[in-house]
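# A predicted structure for the sequence below; I have some questions about it.
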Amino acid sequence: MAREAGISDKQLRHRDVARLSRDTYAPAALVGALRTRLPAVLLTAPPGAVVSHATAAALWGVEIPLRPQPDPRADLTVPLDSRAETRADRRIHRTHLLPDDVTRRASLPVTTPARSWRDLAGVLPPPALLAVTDQLLDGRCTRADLERQLARRPKGRGCARARAVLPIADARSGSPMESVLRWLIHDAGLPMPDLQVDVHSDGGLFVGRADFAWRDRRVLVEFDGDHHRERKTFVDDLRRQNGLVAAGWTILRFSSADVVGRPAYVIATIRRALR
């Protein structure tokens, strides 16, 4: 194809051209863009190949937390009888796809949000799967769609995780790491909080919104992501916190360093506050 386009072997070896696999190339400046890499990968994929798993999630705009080093390879699902192999630019999955499991996004064949969820249930830990589920329910598919996928594949890898996560999934989750924190709370057997709660003073004045709240205990939990370090956000947080404390609430604030690095501390702190 390169030769037919007038591109020589020497040009393909230029530093501005990246070799994705043994027979696919792309402009080096654009290799980081998923929608540039995927058409190149699909050029040499077998018939019936569909973008799936984590790569499908990325196409649907779904963030997967707790991945220290995201794999640069594209996830492709191919027919069961395909002889395709995993390469430097792709990870091959073999399974059966029904016609309504597949759609198109950015002109590329991709598993539907619900089918992507069922595939990810087989490879993600529950906290990350809950984060994916929360995001999918926020306008990408319905709970019934996910239930249908689980009914289609009620056994096999990931079915137990899918069943554990789906009942507590909630589209109101403010971020993927909030979902991870909510899984910790659930897994510890603590009462589940309400989400995105508007708090008012005794006089009815709006004081602020909380990520998690146990209204009967007057306990709030906030997850502080990186944007909370910005000066305006930091100042607004302080003022809001003062208002919440004055209104009689106990406020706990955690970062990703706590949720990921010290989960036992997070749960113990919440448990004490609820008591």
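Everything's here; your move.

# that's a strand at V132, yeah?
No. According to DSSP: H, G, I helix; E, B strand; the rest coil, V132 belongs to no strand; its state is helix.

# how near is it to T77?
V132 sits 17 Å away from T77, going by C-beta to C-beta, to the nearest Å. Where you see a C-beta, it was placed from the backbone N, CA and C, and this is true even at glycine.

# check L137 too.
23 Å.

# R67 too?
R67 is 20 Å from T77, by C-beta to C-beta.

# these two: which has the busier surroundings?
The neighbour comparison of R67 against T77 (other C-beta atoms under 10 Å) goes to T77, with 28 against 11.

# just the pLDDT for that one.
Looking at T77, its pLDDT is 98.

# so it is in which element?
Using DSSP states H and E, T77 maps to strand 74-78.

# and that strand, what does it pack onto?
For strand 74-78, the packing partners by 3 or more C-beta pairs under 8 Å, 6 or more residues apart in numbering; DSSP states H and E come out as helix 34-43, strand 50-51, helix 53-59, strand 90-94.

# to G189, which of those lies closest?
helix 53-59 (29.2 Å; C-beta to C-beta).

# report all helices and strands that that closest one contacts.
Against helix 53-59 (3+ C-beta pairs under 8 Å, 6+ apart) you get helix 34-43, strand 74-78, strand 108-111, helix 113-120.

# in a markdown table: those, plus distance to A84.
Compiled in a markdown table, the helices and strands packed on helix 53-59 are given as follows (distance: least, C-beta to C-beta, whole Å):
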| stretch | distance to A84 |
| --- | --- |
| helix 34-43 | 11 |
| strand 74-78 | 5 |
| strand 108-111 | 14 |
| helix 113-120 | 17 |
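
# weakest of the ones you listed in terms of mean pLDDT?
helix 34-43 (a mean of 90).

# which residues touch it?
1, 20-21, 24-27, 30-31, 49, 51, 55, 58-59, 74, 76, 89-90, 106, 108-109 (C-beta atoms under 8 Å, 6 or more residues apart in numbering).

# whichever of the residues you listed end up buried, select them in ChimeraX.
Command for ChimeraX that selects the buried part of the contacts of helix 34-43, burial taken from 16 or more other C-beta atoms under 10 Å:
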select :20,24,25,26,31,49,51,55,58,59,74,76,89,90,108,109
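
# what about the chain, any weak spots by pLDDT?
226-236 (pLDDT under 70).

# go with 50
Along the chain, segments meeting pLDDT under 50 span 228.

# can you give me the helices in it?
9-12, 34-43, 53-59, 113-120, 126-137, 143-152, 159-165, 176-187, 231-246, 256-261, 263-274 (DSSP state H).

# what's the fourth one packed up against?
Counting by 3+ C-beta pairs under 8 Å, 6+ apart, the packing neighbours recorded for helix 113-120 are helix 53-59, helix 126-137, helix 143-152.
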